[in-house]
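K.L.:
Turn this into a model:
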Amino acid sequence: MTTAHVSPTANLNPVAAGLTVAVLALNLRPAVTSMGVLLTRIDTAEGLSPPLAATLVALPTWCFAVGGWTAWRLRARFGIRAVVSSALGVLAVSLIVRTLPGDATIVAGTTAACLAIAVLGALLPVIVSTATPGSAACYTACLGTGSAVGALLTPTGVAWQLGLGCWALLAAVGLVVWQGSSRHLATPAGAALAARVSPQTLIPRGTIATLTVHFGLLSGVTFLLMGRLPTILRTAGLTQAEAGYHFATVMVLGVPASLVVPYLARRVPHAPLAVGFAGSSITGVTGLMISPLSVTWLWTGLLGIGIGALALALVDLGRRTHSDPDTTAALSSVVQGLGYTLAGVLALGVGLLQIATGTWTWPLFALVVALVGQALTGTTIGDVRAAPTSPEVSR
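P.N.:
Numbering: from 1, shown residues only. I've put the predicted structure just below:
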């Protein structure tokens, strides 16, 4: 079952398609990595309690779970154009809201921003699967670039509110670009047709469950590093400037790692790639746990390479469904929805473990265990399809 979502006009204009994918992908990470850069300053200025700080790190994954799980139904009911436009608008407004005074506004703004990002993230594989052939590389590269620019370009010499709020401009630019390019998107053949391919109709269940656990583990590790790595490095004895440098290194190295993923995914079996990315992260985390002040550049470099695992998992969603947009939307929702739920539990659990033990040794050991699980579940091979007699999902 397929539904055309990108018209031939869009396919004949690779520059416009690439620009659209790039701007949308760039909006998926700065809201998270900028929080990681400024979390210590926000804590100092606002007096955040340790549990609230841990919650802010885990919050994106829970929001991604809710938003990812509902994205397929929103697309089926309202169409991809309206849903993406609304998500970008909410993202821009919420990034301003979370800079207003009070703990409640920080939490509320971060929650709304992450829900919007979740919907965008779940629907981007659908857009990429029906766009030009080079869109997958553009998608993963800009996803990594968004992480890097959030780490590198977030202003730290000004008030933290400006450092967080400035990323609303990127969301506004994304909305303008999307409004201009989405007119080339064909109207779906019918919401009911798309709704028949729901997460409940996907098979085989074992493959989907393993993919979900794999995505949850790697997302939990990735977002913990985005939110906590500067704190981990400062606790180990690095200065704020040194910790910021190494954090930026991890995010920057994620860009070329993400860029080569689509190329490698077409030529190398999935299992060795997944195990290789997990192995790189295992070595990096182990190095930080055992000897954080010795060859720190090596440990953070390996972590930057390991971030490519997330790009591989996202690109793999479309490949496993043979680029069918309806099946891709359903698979993306279930894998990201339930996967990010697991990631949130992992992120909060590691944060609370650090609070309980007063050290990062045991939390980093927990990350190594999670990465071993990521490597094992990453060996799953198999395609996902909709059941041949899929009943229409009631709305």
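K.L.:
SS state for residue 100?
P.N.:
Under DSSP: H, G, I helix; E, B strand; the rest coil, residue 100 falls in the coil class.
K.L.:
ok, it touching residue 109?
P.N.:
Yes: counting by C-beta atoms under 8 Å, residue 100 does reach residue 109; the two are 7.4 Å apart. Quick note: C-beta positions are derived from backbone N, CA and C, even for glycine.
K.L.:
of the two, who's got more company?
P.N.:
residue 109 (21 against 13; other C-beta atoms under 10 Å).
K.L.:
what sits against that one?
P.N.:
94-100 (C-beta atoms under 8 Å, 6 or more residues apart in numbering).
K.L.:
can you give me the helices in the stretch 101-250 of the chain?
P.N.:
Listed in chain order, the helices of the stretch 101-250 of the chain (DSSP state H, counting those that start in this stretch) span 103-130, 135-152, 160-165, 168-181, 191-196, 205-236, 240-265.
K.L.:
The last one packs against which elements?
P.N.:
This means helix 240-265. Packed against helix 240-265 by the contact rule (3 or more C-beta pairs under 8 Å, 6 or more residues apart in numbering; DSSP states H and E) you find helix 30-46, helix 135-152, helix 205-236, helix 270-290, helix 296-306, helix 308-320.
K.L.:
low-scoring stretches of the stretch 251-395 of the chain, by residue?
P.N.:
323, 381-383, 386-395 (pLDDT under 70).
K.L.:
if I look at residue 34, how far off is residue 246?
P.N.:
Residue 34 sits at a distance of 17 Å from residue 246 (criterion: C-beta to C-beta, to the nearest Å).
K.L.:
try residue 267
P.N.:
For residue 267, the distance to residue 246 - C-beta to C-beta - is 32 Å.
K.L.:
So for those two, which sits in the more crowded spot?
P.N.:
residue 246 (23 against 7).
K.L.:
Would you mark the buried spots in the helix or strand harbouring residue 329?
P.N.:
Following DSSP states H and E, one finds residue 329 within helix 325-357. Judged by neighbour count using 16 or more other C-beta atoms under 10 Å, the buried positions of helix 325-357 are 325-354.
K.L.:
ok, residue 105 touching residue 97?
P.N.:
Yes: using C-beta under 8 Å, residue 105 makes contact with residue 97 at a distance of 5.9 Å.
K.L.:
excluding its backbone neighbours, what's nearest residue 261?
P.N.:
residue 311 (4.4 Å; C-beta to C-beta, 6 or more residues apart in numbering).
K.L.:
How about the contacts made by that neighbour?
P.N.:
By C-beta under 8 Å, 6+ apart, the neighbours of residue 311 are 140, 143-144, 257-258, 261.
K.L.:
Let me have these in CSV, adding neighbour count as columns.
P.N.:
Below are those laid out as CSV (neighbours: other C-beta atoms under 10 Å):
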residue, neighbour count
140, 28
143, 29
144, 27
257, 24
258, 29
261, 28
